[in-house]
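Asks: build the 3D model from these lines:
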Amino acid sequence: MSTNGTHSNGDLPTAKAGLDPNQGGDATKKTYHKQPTGLAWQTAQDHSNTNTLKLYGSCFCPFVHRIWIALEYKALAYEYVEVDVYRKPKLLLDINPRGLVPALRHGEWGCYESTVLLEYLEDLGGTPLLPQDPQRRAESRLWSDHINRNIIPIFYRYLQAQTTEAQTTAATDLTEQISKLVSAASPSGPFFFGPSLSFVDVQIAPWVIRMERVLKPYRGWPDPEPGSRWEKWVQAIEAEAAVRRTTSTNELYLDSYERYAENRPDTSQVREAVNSGRGLP
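Replies: Now for the predicted structure:
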């Protein structure tokens with residue numbers, strides 16, 4: 001399964017002038033934002049100068065959010081470049097012919113797929129996200145795979161579900177898969193392996209942010225149980241400086257994900273894959 005930012009929609013029908021294709025010709029429908037807001041906007045400005053290491057991303061995309069969190073946490077020098085993946089600029093297609101984000105260019109070399117890019121950033125240095133112990137490194141990859149294979153697809157299935165029955169089923173499934181992840185985490189926490197942010201935390205963090213800002217308002221996703229290990233983890237992720245610096249205002253997420261909540265045509269390849277029962281592209 002791809003862990004790329006699959007918020008690209010392939011060749012879409014031409015929209016009415018001034019409207020995005022996923023608005024379906026209706027100007028009252030909200031659409032994805034094209035620039036970050038809040039603290040994320042300031043971080044983008046702080047990293048707008050030319051650098052040999054460039055992150056091509058879209059501000060609403062959680063897969064991009066992973067890489068951005070890692071870059072900030074590791075304190076690597078980089079340039080942030082906002083791109084509109086629905087219009088597939090050449091600078092993105094030159095790295096990833098599918099036109100998906102995130103994409104990295106480092107000098108003349110380019111690569112994509114968020115988990116692959118996280119591994120690459122780890123090799124570049126900075127504050128480590130993977131433990132030194134080989135067995136814990138393996139555990140990091142194992143539970144990252146659990147997030148990618150189980151939690152993320154259910155997140156979208158839940159958000160796109162249009163009936164109460166389908167939403168209830170998806171909510172139960174998502175709770176179950178999160179519980180499995182929490183059971184594997186350090187009992188004391190607050191992060192997966194203990195007091196510091198790690199590879200697994202970065203993998204799940206963008207969806208933790210969107211559970212509060214997207215699933216809660218659109219689907220009634222509940223707050224973590226008070227005093228629970230999950231609550232402790234969520235609070236730690238929300239408070240982590242690298243996460244805060246790369247998170248936009250709530251409005252950006254509400255607007256950008258309305259199209260998923262309505263299961264609107266021409267939303268993305270993610271929507272199409274979930275609706276057809278395929279794995280994420």
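
Asks: tell me which residues touch the closest residue to Thr43 other than its chain neighbours, please.
Replies: With sequence-adjacent residues excluded and distances taken as Cβ to Cβ, 6 or more residues apart in numbering, Thr43 is closest to Arg245, at 4.7 Å. (C-beta placed from N, C-alpha, C; glycine too.) By Cβ atoms under 8 Å, 6 or more residues apart in numbering, the contact set of Arg245 is Leu39, Ala40, Gln42, Thr43, Glu72.

Asks: again with Tyr78
Replies: His47, Asn51, Leu53, Lys54, Leu55, Leu71.

Asks: follow-up on the earlier one: what about the residue nearest to Thr43, distance to Gln42?
Replies: Distance of Arg245 to Gln42, computed by Cβ to Cβ, to the nearest Å: 8 Å.

Asks: contact partners of the host helix or strand of Arg210?
Replies: Arg210 belongs to helix 199-210 when assigned by DSSP states H and E. Helix 199-210 is contacted from outside by 62-63, 65-66, 69-70, 73, 115, 118, 122, 129-130, 140-141, 143-144, 147-148, 151-152, 155, 181, 185, 191-193, 233-234, 237-238, 240, 243, 247, 253, 257, using Cβ under 8 Å, 6+ apart.

Asks: give me that answer again for 7 Å
Replies: Identification of contacts with helix 199-210 by Cβ atoms under 7 Å, 6 or more residues apart in numbering yields 62, 65-66, 69-70, 118, 129-130, 140, 143-144, 147, 151-152, 155, 191-192, 234, 237, 243, 247, 253.

Asks: show the average pLDDT along that helix.
Replies: Averaging pLDDT along helix 199-210 yields 98.

Asks: please pull up the helix or strand immediately following that helix.
Replies: Using DSSP H and E, the helix or strand that follows helix 199-210 in sequence is helix 216-219.

Asks: and that following helix, what does it pack onto?
Replies: Applying 3 or more Cβ pairs under 7 Å, 6 or more residues apart in numbering; DSSP states H and E, we find helix 216-219 packed against helix 152-160, helix 250-261.

Asks: by how many degrees do the first one and helix 199-210 diverge?
Replies: When you say that, I think you mean helix 152-160. Angle between the axes of helix 152-160 and helix 199-210 is 0 degrees (criterion: axes from the mean of the first three to the mean of the last three Cα atoms, to 10 degrees).

Asks: and helix 152-160, what does it pack onto?
Replies: Going by 3+ Cβ pairs under 7 Å, 6+ apart, helix 152-160 lies up against helix 164-184, helix 216-219, helix 250-261, helix 269-276.

Asks: just give the nearest non-adjacent residue to Glu231, would you?
Replies: Closest residue to Glu231 apart from its sequence neighbours, by Cβ to Cβ, 6+ apart: Pro224 at 3.6 Å.

Asks: contacting residues for the one you found?
Replies: Trp230, Glu231, Val234.

Asks: which ChimeraX command selects the buried ones in those?
Replies: Of the contacts of Pro224, the buried ones go into a single ChimeraX selection, burial set by 16 or more other Cβ atoms under 10 Å:
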select :230,234
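
Asks: quick one, which of the contacts of helix 199-210 are buried?
Replies: Looks like the contacts of helix 199-210 have 62, 65-66, 69-70, 118, 129-130, 140, 143-144, 147, 151-152, 155, 191-192, 234, 237, 243, 247, 253 buried, using 16+ other Cβ under 10 Å.

Asks: flag the shaky bits of the stretch 151-281 of the chain, pLDDT-wise.
Replies: For the stretch 151-281 of the chain, residues meeting the criterion pLDDT under 70 lie at 265-281.

Asks: how does it look with 50?
Replies: The model of the stretch 151-281 of the chain has no residue with pLDDT under 50.
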